[in-house]
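Peer 1: Below is the sequence, then the predicted model.
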Amino acid sequence: MSSDEIIVTIERPAASPSTPVLSPSAAHLDALESEAIHILREVAAEFRNPVLLFSGGKDSTVLLRLAEKALRPGRLPFPLLHVDTGHNFPEVIAFRDRLVTQLGERLIVRTVQDSIDRGRVRPKHANQSRNAFQIVTLLDAIAEFGFDACIGGARRDEEKARAKERIFSFRDAFGQWDPRRQRPELWSLYNTRLDPGEHMRVFPLSNWTELDVWQYIARENLELPSLYYAHPRRVALRGGALVPVVDTLEIADHEPIETRVVRFRTVGDISCTLPVESPAATADEVVAEILTARISERGATRLDDRTSDASMEERKRAGYF
Amino acid sequence: MSISSGNDQRLLRFTTAGSVDDGKSSLIGRLLHDAGAVPTDQLAALERIAARNGDAGIDLSLLTDGLVAEREQGITIDVAYRYFATPRRKFIIADTPGHEQYTRNMVTGASTADAAVILVDARNGMTTQTRRHLFLAHLLGIRHLVIAVNKMDLVEFARAPFDAVAGAVKAFAATLGAEPPIVVPLSAKFGDNVVLRSDHLPWYDGEPLLAILEGLPSAAEADNLPLRLPVQLVRRTMTPAGQYRRYLGRVESGRIAVGDPIVALPSGAATRVRAIATYDGPLDHAAAPQSIGIEIDDAVDIARGDVLVHPTEVPAVARRLEATICWFDDEPFAAGRRYLIKVGTRTAVAHINEIVYRLDVTTLAPVPATGLVRNDIARVRVTAAAPLAFDPYRANRATGALILIDEQTHATVAAGMIEG
């Protein structure tokens, strides 16, 4: 309850251009937006040292805009943190830095490479997906800065382990999530009490779906990394999947390589993020595409979730986002 | 930011109650499937499972299958949230398991729901469990009760068993003082009357379940209730013109306009609304459930935990209150222990002074009690260390709900509905 009053000195930054709203039926977006703003203000009021996890991806970009809506004018009362796997798309990192500079906010970057160099994690080979290693880097950063709340952009519609997670999700002193010992969460009355060393993960987008996120991006005219929109890319054809031709992914000799017009639905670690074929070049076109798309977001684009039926749950219990 | 755009693409939050045996997983799976909300990769996975087991068709109940932790230990974790949309509406389902911990789970799922879908097995008729579900849904203030009479295929789609359930649940709802439930016959397994009207039920002249849910009135018209705006946060801003404070919060009920006289409770400080601010620009007025910032005329002292109201429609302000609570914690209630009570955005130290009675959830009769264990529901008297502004839960969900937190373990030990 320390930051009840925060002194700020900057007026509202340059206003975003107002654009016509795509969706004629925005009532549900208004409700979701207001809920997220309420959650972010609760975090600002009840935690001593929160941080907002920002990767430059679409969900965290929406989250950042919601934080602005909740807490402007003036600087946000928390820094941004990116856990950089070192296997990011350069466009995403450039976008991340540009947006942070434009908003005048403070960005902390902690890298998986640094965790590897310090012997905190040991990959089996250089190109192994670093998605799972982020856990160590994130927990180390939480300890380093003493963060007591990490605001993340995860949504319950992404995966069934997330479907059972609270909006204010308690982590013990080891950073672990215990699905059986979650705090009951009723109405909008969040239990934010912690002992030293424990922390909270907070998910203001819990009740948003992929479609809601894209409708909001269109409505708010949010800029995103160009990878989210249709572009020609060299890809290897593997089963029904398109695998981007990059250094960190091995392509077998029998897998044909072609140039296709694709976009990414998620832009995580290069080594486990796959594009889909799509001509959608704007947020409105993506919305239209999702309305007819029938493959789930993670099913289409994530290699790491295919490993086993329960892989997200296992990673979450260990402290993943 | 227009909340009242008057179209149907509003959110409907509903909770589901019933056990696996009632076919709840099948019903949710069927609803998601027939509404086109199941992605092709998930369907392909179900087809692989059906092929492996030599089944004739896919098992839709697997769509709501649990976590590894649940399967390993044969338990079900309280609430899972699921999402789907139709051209008419966006839905959030709070799916609560029916067996273990049903009271705690259902109370949790019901707390944010506008409607409850309660399953009844057509072969069994209304059971004790059905009565409990109806009681809890009503206790949590859910206005729209829908009884899904499932497994109609196992009673030859006959009208008599359905009529028996409909008569019994309506009579029971009346004794609770609840609105009459909507009762719909269906077969989740075969899809009759879930999304599509069934040819097997020519005697039923109502709508299928999905159409009923699409047509329910939206969240209790909170903007017609008295203004309640709990202050979440105070932001102080320096501008070239000077320093000003902005009070941030969500309009939980009612409406507020520039120029309105307002009172901050519990302090009683009176002032006037000078401006309503949002990131997207100033507003002349705002209504529930908008999140806004308020600027005021005077330098009165307003802080987090205060509730902004109109002076003509004030809530109660008191340190003592009575509430019906549901005990959640593994540890039983212990007299004399210090708890934190949270109402709106205010948190205060509190004691439970007295258990007035415990409610037998089966007979619904009040029984004397000296202690409370997990899943108990009881009427209690609470004294807080500082005054709280509150309404009866029946009048206002947002300012009538409370949670109790153990000051030492930090567990959420109970949740409750303020009676007065």
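Peer 2: Noted; the coordinates are in hand.
Peer 1: Which stretches in chain B count as helices?
Peer 2: Under the criterion DSSP state H, helices of chain B are mapped to B:24-34, B:40-53, B:68-73, B:102-110, B:128-139, B:159-176, B:209-215, B:397-400.
Peer 1: for those helices, which one sits closest to residue A:41?
Peer 2: Between residue A:41 and the helices of chain B, the shortest gap by CB to CB is with helix B:397-400, which sits at 15.0 Å. In short, each C-beta sits where N, CA and C put it, glycine included.
Peer 1: burial of residue B:363, as a residue count?
Peer 2: Residues lying near residue B:363 (other CB atoms under 10 Å in any protein chain shown) number 10.
Peer 1: Report the separation between it and chain A.
Peer 2: According to CB to the nearest CB, to the nearest Å, residue B:363 stands 25 Å off from chain A.
Peer 1: so residue B:229 makes contact with residue B:307?
Peer 2: Yes - between residue B:229 and residue B:307 there is a contact under CB atoms under 8 Å: 6.7 Å.
Peer 1: and the gap between residue B:22 and chain A?
Peer 2: Where chain A is concerned, residue B:22 sits at a distance of 21 Å (CB to the nearest CB).
Peer 1: Apologies, that question was intended for residue B:35.
Peer 2: Using CB to the nearest CB, we find residue B:35 at a distance of 13 Å from chain A.
Peer 1: can you pull the contacts of that residue?
Peer 2: By CB atoms under 8 Å, 6 or more residues apart in numbering or on different chains, the contact set of residue B:35 is B:84, B:86, B:195, B:210.
Peer 1: Of those residues, which one scores lowest on pLDDT?
Peer 2: Among those, residue B:86 carries the lowest pLDDT, at 85.
Peer 1: residues near it, how many?
Peer 2: When neighbours are defined as other CB under 10 Å, residue B:86 has 17 of them.
Peer 1: In the stretch 1-150 of chain A, where is pLDDT below threshold?
Peer 2: Along the stretch 1-150 of chain A, segments meeting pLDDT under 70 span A:1-25, A:127.
Peer 1: swap the cut-off to 90 and go again
Peer 2: Within the stretch 1-150 of chain A, the stretches with pLDDT under 90 are A:1-28, A:73-74, A:85-89, A:112-136.
Peer 1: on that earlier part again, are any of the contacts of residue B:35 buried, and if so which?
Peer 2: With neighbours counted by 16 or more other CB atoms under 10 Å in any protein chain shown, the contacts of residue B:35 contain buried members at B:84, B:86, B:195, B:210.
Peer 1: ok, and of the residues you listed, which contact chain A?
Peer 2: The subset of the buried ones among the contacts of residue B:35 lying close to chain A, counting by CB under 8 Å from any CB of the partner chain, is empty.
Peer 1: Which secondary structure elements does the top helix by length along chain A sit against?
Peer 2: Longest among the helix segments of chain A by residue count, using DSSP H, is helix A:27-46. In terms of contacts (3 or more CB pairs under 8 Å, 6 or more residues apart in numbering or on different chains; DSSP states H and E), helix A:27-46 is packed against helix A:58-71, strand A:149-151, helix A:210-220, strand B:11-17, strand B:229-239, strand B:242-250, strand B:291-296.
Peer 1: Low-confidence ranges, the stretch 101-250 of chain B, go.
Peer 2: B:101-109, B:128-129, B:132, B:143, B:189, B:217-224, B:236-244.
Peer 1: Burial check on residue B:392, number of neighbours?
Peer 2: Count around residue B:392 with other CB under 10 Å applied: 17.
Peer 1: List the contacts of it.
Peer 2: By CB under 8 Å, 6+ apart, the contact list for residue B:392 reads B:400, B:418-420.
Peer 1: what about burial for these, which qualify?
Peer 2: The neighbour-count test (16+ other CB under 10 Å) marks B:400, B:418-419 as buried among the contacts of residue B:392.
Peer 1: where along the stretch 201-321 of chain A do the helices fall?
Peer 2: Assigned by DSSP state H, counting those that start in this stretch, the helices in the stretch 201-321 of chain A fall at A:210-220, A:283-292, A:297-301, A:311-318.
Peer 1: and the ones you listed, which one's lowest on average pLDDT?
Peer 2: The stretch with the lowest average pLDDT out of those is helix A:297-301, scoring a mean of 56.
Peer 1: ok so, going back, with distance to residue B:375 as extra columns, can I get the helices and strands packed on helix A:27-46 in TSV?
Peer 2: As requested, those are arranged in TSV below (distance: least, CB to CB, whole Å):
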stretch	distance to residue B:375
helix A:58-71	36
strand A:149-151	30
helix A:210-220	34
strand B:11-17	14
strand B:229-239	29
strand B:242-250	31
strand B:291-296	34
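Peer 1: tell me the domain ranges of the chain?
Peer 2: You didn't say which chain, so I picked chain A. According to automatic domain parsing, chain A is divided into the following domains: A:29-208+A:312-318, A:226-306.
Peer 1: my bad, the chain I had in mind was chain B
Peer 2: The record's domain split for chain B, according to automatic domain parsing, is B:11-215, B:223-309, B:316-418.
Peer 1: Let's have these in JSON lines, adding distance to residue A:150.
Peer 2: As requested, the domains of chain B are arranged in JSON lines below (distance: least, CB to CB, whole Å):
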{"stretch": "domain B:11-215", "distance to residue A:150": "20"}
{"stretch": "domain B:223-309", "distance to residue A:150": "19"}
{"stretch": "domain B:316-418", "distance to residue A:150": "18"}
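Peer 1: how many other residues sit next to residue B:297?
Peer 2: 13.
Peer 1: Next: residue B:142.
Peer 2: If you count neighbours by other CB under 10 Å, residue B:142 ends up with 26.
Peer 1: what does residue A:237 give?
Peer 2: Using other CB under 10 Å, the number of residues around residue A:237 comes to 15.
Peer 1: Could you measure from residue B:64 over to residue B:78?
Peer 2: Counting by CB to CB, to the nearest Å, the separation of residue B:64 from residue B:78 is 14 Å.
Peer 1: same question, residue B:214
Peer 2: In this structure, residue B:214 lies at 27 Å from residue B:78, with CB to CB as the measure.
Peer 1: now do residue B:386
Peer 2: Residue B:386 sits at a distance of 31 Å from residue B:78 (criterion: CB to CB).
Peer 1: And those two? Which one has more around it.
Peer 2: For residue B:386 versus residue B:78, the count of surrounding residues by other CB under 10 Å is larger for residue B:78: 25 against 13.
Peer 1: Contact partners for the more buried one?
Peer 2: For residue B:78, the contacting residues are A:164, A:182, A:184, B:96-97, B:101, B:104-105, B:108-109, by CB under 8 Å, 6+ apart.
Peer 1: pLDDT value on residue B:254, please?
Peer 2: For residue B:254, the model assigns a pLDDT of 95.
Peer 1: Could you do the one 5 residues further on as well?
Peer 2: At residue B:259 the predicted local confidence, pLDDT, stands at 97.
Peer 1: How about the contacts made by it?
Peer 2: Under the criterion of CB under 8 Å, 6+ apart, the contact partners of residue B:259 comprise B:272-273.
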